[in-house]
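1. How does the following fold in three dimensions:
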Amino acid sequence: MTDVWADLHTKYNDRDWINKSSLFAETAITYFPEEGKILDLGAGQGQDSRFFAEHGYEVVSTDIEDIALEQSRSKLPDAFKDQVAIQRVDLRQELPFDDESFDIVYAHLSLHYFDHQTTMRIFDEIGRVLKPAGILAFFTNSVDDPECNEGEKLEDDYYMVGKTAKRFFSVDTAKVFAHDFDVILADNNGETYKDLDKGVHNLIRFIGTKQA
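-> Here you go, the predicted model:
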């Protein structure tokens with residue numbers, strides 16, 4: 001799996017969007033409290049983490065892939081080095097953070113690679129590390145994606161596509177996984193710069209608050 005991501009991050013280095021904040025980050029931040037501590041899960045090369053830091057947030061920027069972490073560190077301006085902590089985190093394991101230690105958990109295209117049981121456990125861990133009434137904002141593949149139903153079916157909405165296992169969410173399944181959160185935004189209107197040329201305009205956006 002890490003070899004796949006290493007190849008992708010090498011490929012992404014040539015893309016003009018790799019240093020831009022994502023479209024979802026620019027939407028999600030409008031729902032965030034004015035200040036606080038953000039856990040960015042699967043942050044890749046850290047463009048959204050840097051975007052949040054620019055807006056005054058303290059950020060823990062995480063990824064599993066060493067190449068992505070190296071790129072993230074190299075791109076972090078000196079002015080933000082006390083504001084952004086970059087850390088290797090494997091989402092398949094318990095999150096290495098204390099209970100109720102973040103105001104916001106953010107995940108851009110990082111929660112849709114796991115079987116049902118693992119995905120449920122990840123959402124439980126997100127709930128554990130979020131403060132009461134904390135914000136969860138995540139962005140995932142959609143069942144309307146052209147790749148959905150391709151490859152070997154592993155579970156409902158979960159397929160081996162090439163070398164990568166991918167889960168495809170609907171608005172309804174996003175709400176099921178995030179059942180401990182009150183919905184602020186849940187739709188299939190998400191877009192990314194890298195998928196615009198493919199005509200993909202229907203990724204899942206979810207923003208909610210942790211229930212008391």
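2. what's the longest helix in this protein?
-> helix 116-129 (DSSP state H).
3. Tell me which residues are up against the helix or strand that comes right after it.
-> Remark: after helix 116-129, the chain's next helix or strand is strand 130-140, criterion DSSP states H and E. The set of residues external to strand 130-140 that reach it, using Cβ atoms under 8 Å, 6 or more residues apart in numbering, is 22, 24, 28, 31-33, 100-109, 111-112, 126, 167, 169, 174, 178, 181, 184, 190, 203-210, 212. No exception for glycine: its C-beta is placed from N, CA and C like everyone else's.
4. low-confidence ranges in this structure?
-> 1-15, 17, 196-200 (pLDDT under 70).
5. re the thing from before, which of the contacts of strand 130-140 fall in strands?
-> Under the assignment DSSP state E, those contribute 102-108, 167, 181, 184, 190, 203-210 to strands.
6. And these, which of them are buried?
-> Buried members of the ones in strands among the contacts of strand 130-140, counted by 16 or more other Cβ atoms under 10 Å: 102-108, 167, 181, 190, 203-210.
7. number of nearby residues for T192?
-> Neighbour count of T192, defined by other Cβ atoms under 10 Å: 17.
8. Would you point out which residue is most central in this structure?
-> A107 (2.0 Å; Cα atoms, centre = their mean).
9. Neighbours of the closest residue to C148 other than its chain neighbours, how many?
-> Distances taken as Cβ to Cβ, 6 or more residues apart in numbering place F168 nearest to C148, at 4.3 Å, with adjacent residues excluded. Counted with other Cβ under 10 Å, residues neighbouring F168 total 21.
10. Hmm, V143 and F168 touching each other?
-> Yes. In this structure, F168 is within contact of V143 by Cβ atoms under 8 Å, at 4.6 Å.
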